[in-house]
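J.: Pasting the sequence and the predicted coordinates here, then a few questions.
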Amino acid sequence: MTVLSIEEYKEKYDLIDEVMYSDQMETYFKERKASVVYLNLGVNSDSKLTTAVPEEEKYTGLCEKVDKSTMHDILVESRVLKTP
């Protein structure tokens, strides 16, 4: 699998403002003094599979709180409305 450059990702996904690689996340959160990191953890209502999320320990010390309950509900609700 070929890894695209940051500029290639921005071009491919036109509406994205920022792109970074996972090894840049620690610096990103520290520079912005993130208070909360939201992880998408929940069960898919169709497949009954649980979403895979990064280990919470990766964010310890990078923010004040890790929230694993909010993001899943928001994403599920956003998928309810379909465009033609």
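T.: Yep, that arrived. Quantities reported herein were computed from a predicted structural model and do not represent experimental measurements.

J.: contacting residues for the spatially most central residue of the chain?
T.: Closest to where the C-alpha atoms of the chain average out (Cα atoms, centre = their mean) is Leu39, at 6.4 Å. Residues counted as contacts of Leu39 (Cβ atoms under 8 Å, 6 or more residues apart in numbering) are 53-54, 56, 59, 66-68, 71. Glycine gets a C-beta too; all of them are placed from N, C-alpha and C.

J.: Mind doing that once more with 10 Å?
T.: For Leu39, the contact set (Cβ atoms under 10 Å, 6 or more residues apart in numbering) comprises 51, 53-56, 58-59, 66-72.

J.: now swap in Tyr28 and tell me
T.: Counting by Cβ under 10 Å, 6+ apart, Tyr28 has contacts 18, 20, 34, 62.

J.: Tell me the gap between the helix or strand harbouring Glu11 and the middle of its chain.
T.: Assigned by DSSP states H and E, Glu11 falls within helix 6-12. In terms of Cα atoms, centre = their mean, to the nearest Å, the centre of helix 6-12 is found 17 Å from the chain centre.

J.: Now, the contacts of Leu39 that are in strands?
T.: 66-67 (DSSP state E).

J.: Pull out the buried residues from the contacts of Leu39.
T.: Buried members of those, scored by 16 or more other Cβ atoms under 10 Å, are 59, 66, 71-72.

J.: if we can go back for a sec, show me which of the contacts of Leu39 is closest to Ser45.
T.: Relative to Ser45, the closest of those is His72; by Cβ to Cβ it sits at 10.6 Å.

J.: Enumerate every residue touching the residue nearest to that closest one when sequence neighbours are not counted.
T.: Leaving aside its chain neighbours, His72 sits nearest to Gly42 (2.9 Å; criterion: Cβ to Cβ, 6 or more residues apart in numbering). Gly42 sits next to 50-51, 53, 68-73, 75-76 when contact means Cβ under 10 Å, 6+ apart.

J.: rewinding a little: as TSV, the buried ones among the contacts of Leu39 with distance to Lys82 would be great.
T.: Shown next, in TSV, are the buried ones among the contacts of Leu39 (distance: Cβ to Cβ, whole Å):
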residue	distance to Lys82
Tyr59	33
Val66	31
Met71	21
His72	19
